[in-house]
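**Q** What follows is a protein structure lacking sequence information:
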Ligand code: ADP
Ligand code: NA
């Protein structure tokens with residue numbers, strides 16, 4: 001029996017992934033590679049929708065790949081590659097741009113939010129058609145499912161619409177060109193909040209330095225951030241996101257990181273103070289992150305191995321992508 005195919009991508013951000021990226025996304029990728037035919041990519045083409053320094057982009061792309069491998073992606077169990085190594089992404093994106101209505105693209109709420117922040121003159125056309133490149137990313141691999149958060153649901157809807165549009169227009173009773181993918185909303189995915197303001201998501205752009213846990217920072221620095229996390233004036237360790245966002249965030253992180261159920265943690269900390277929870281969490285984090293940092297560094301210190309992994313990933317990806325693109329071109333009249 002063939003395993004369902006999934007595809008997911010992550011941006012090569014400056015510096016390291018943060019704890020939200022790991023617990024909310026990368027960790028699920030590691031699990032999915034065992035049950036699915038998984039394609040994972042570092043989306044450097046998406047990164048250039050905002051200006052990038054070339055040397056930094058190159059370094060960040062490798063750093064992202066090194067961290068994905070360090071987190072547990074196994075090239076024997078998934079296909080890991082860099083988006084720009086597979087030129088079919090840009091080629092199919094152009095075709096899809098020509099199938100997308102201008103109004104349809106204009107309704108993408110993420111573009112509206114991001115462009116409003118940047119201002120019209122600094123917003124690129126690339127940012128505008130970013131969702132269409134995402135459509136191409138997914139359709140090239142005939143993915144059955146796309147693991148996404150709620151905020152990406154609209155982009156998967158666009159993917160479905162465009163896949164059906166192409167199939168309807170060009171298939172003419174033949175076999176469908178594209179698999180119409182389903183969003184795979186991972187409900188139990190942990191959402192991690194800022195340690196200093198637990199009402200906002202932990203993020204590179206919005207978190208204060210003390211609220212953001214970068215995976216490659218000195219473990220001691222991160223441990224300190226856990227110990228000084230904002231909680232509340234109550235003393236009870238109980239999961240209640242509305243009334244106790246700080247404590248709930250710590251419980252989520254602890255539970256996800258150590259594979260313990262939250263009720264079991266509530267029981268373990270009954271009658272104990274927040275200090276105990278914070279100290280234990282800091283320790284658990286250091287225990288997890290220390291080998292993670294070592295593995296990341298080992299990949300960075302061995303560029304030949306990293307290059308070989310990415311080259312073989314790109315080869316595997318291209319085999320699938322080229323076949324899809326050939327069918328598309330043939331059906332369109334090229
Ligand atoms: P950032 O928000 O720091 O810019 P991205 O938007 O690049 O991070 O997100 C990369 C991946 O990490 C996405 O799959 C996103 O859903 C996930 N992610 C980012 N921040 C969090 C968070 N605080 N909690 C859970 N998942 C997150
Ligand atoms: Na797999």
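**A** Received, thanks. Source: prediction; values computed, not measured. Ligands and ions are numbered 1, 2, ... in the order given.
**Q** From residue 262, how far out is the residue in the chain sticking out farthest from the centre?
**A** Ranked by distance from the centre of the chain (Cα atoms, centre = their mean), the top residue is residue 271, with 37.6 Å. Distance, residue 271 to residue 262, by Cβ to Cβ, to the nearest Å: 17 Å. Backbone N, C-alpha and C define where each C-beta goes, glycine included.
**Q** same thing with residue 232?
**A** 17 Å.
**Q** near ligand 1, which residues of the stretch 51-200 of the chain?
**A** Contact residues (Cβ under 6 Å from any ligand atom) of the stretch 51-200 of the chain with ligand 1: 149, 191, 192.
**Q** OK, contacts around residue 243?
**A** Applying Cβ atoms under 8 Å, 6 or more residues apart in numbering, we find residue 243 in contact with residue 232.
**Q** just how off-centre is the longest helix along the chain within its chain?
**A** In the chain, with assignment by DSSP state H, the single longest helix is helix 303-332. The chain centre lies 20 Å from the centre of helix 303-332; the measure is Cα atoms, centre = their mean, to the nearest Å.
**Q** Could you do stretch 41-49 as well?
**A** 12 Å.
**Q** cool, and stretch 56-73?
**A** With Cα atoms, centre = their mean as the basis, stretch 56-73 stands 12 Å off its chain's centre.
**Q** Residues contacting it, please?
**A** Stretch 56-73 is contacted by residues 10-17, 22, 26-27, 29-30, 33, 40, 42, 44, 47-48, 75, 80, 82, 215-216, 292-293, 295-296, 298-300, 303, 306, 309-310 when judged by Cβ under 8 Å, 6+ apart.
**Q** Go back to those and keep what's next to ligand 2.
**A** Restricting those to those touching ligand 2 (Cβ under 5 Å from the ion) yields residue 33.
**Q** could you flag which of the contacts of stretch 56-73 are buried?
**A** Neighbour-count burial (16 or more other Cβ atoms under 10 Å) applied to those gives 10-12, 16-17, 22, 26-27, 29-30, 33, 40, 42, 44, 47, 75, 80, 82, 215-216, 292-293, 295-296, 299-300, 306, 309-310.
**Q** For ligand 2, what's its nearest residue on the stretch 151-300 of the chain.
**A** Proximity of the stretch 151-300 of the chain to ligand 2 (Cβ to the ion) peaks at residue 184, 14.6 Å away.
**Q** Can you classify that residue as helix, strand or coil?
**A** Three-state assignment for residue 184 (DSSP: H, G, I helix; E, B strand; the rest coil): strand.
**Q** who's in contact with it?
**A** Shown in contact with residue 184 (Cβ under 8 Å, 6+ apart): 6, 145, 146, 147, 148.
**Q** Which of those residues fall within strands?
**A** When DSSP state E defines the strands, the subset of the contacts of residue 184 inside them is 6, 145, 146, 147, 148.
**Q** Report how many residues lie close to the first one.
**A** By the other Cβ atoms under 10 Å criterion, the neighbourhood of residue 6 contains 25 residues.
**Q** If we ignore the residues flanking it in sequence, what's nearest it?
**A** Once flanking residues are discounted, residue 6 sits nearest to residue 36: 4.6 Å by Cβ to Cβ, 6 or more residues apart in numbering.
**Q** For residue 46, give its distance to ligand 2.
**A** 23 Å (Cβ to the ion, to the nearest Å).
**Q** what sits against that residue?
**A** 9, 11, 83, 130, 133, 134.
**Q** out of these, who's nearest residue 252?
**A** Nearest to residue 252 among the contacts of residue 46: residue 11, at 23.3 Å, using Cβ to Cβ.
**Q** Test for you: state the pLDDT assigned to that closest one.
**A** On pLDDT, residue 11 comes in at 94.
**Q** And for residue 187?
**A** For residue 187, the model assigns a pLDDT of 65.
**Q** Can you report how many residues neighbour residue 176?
**A** Neighbourhood size, residue 176 [other Cβ under 10 Å]: 14.
**Q** so it, which of the three states?
**A** Assigned with three-state DSSP, residue 176 falls in the coil class.
**Q** List the contacts of the closest residue to it other than its chain neighbours.
**A** With sequence-adjacent residues excluded and distances taken as Cβ to Cβ, 6+ apart, residue 176 is closest to residue 167, at 4.7 Å. For residue 167, the contact set (Cβ under 8 Å, 6+ apart) comprises 176, 177, 178, 180.
**Q** any idea which of these has the most stuff around it?
**A** residue 178 (25 neighbours).
**Q** in what helix or strand does the closest residue to that residue other than its chain neighbours lie?
**A** Among residues not flanking residue 178 along the chain, residue 163 sits closest, at 4.0 Å (Cβ to Cβ, 6+ apart). Assigned by DSSP states H and E, residue 163 belongs to helix 153-170.
**Q** List the buried residues for the helix or strand bottoming out on mean pLDDT in the chain?
**A** Every helix and strand of the chain was ranked by mean pLDDT, DSSP states H and E. The lowest is strand 182-185, at a mean of 82. With burial defined by 16+ other Cβ under 10 Å, the residues of strand 182-185 counted as buried are 183, 184.
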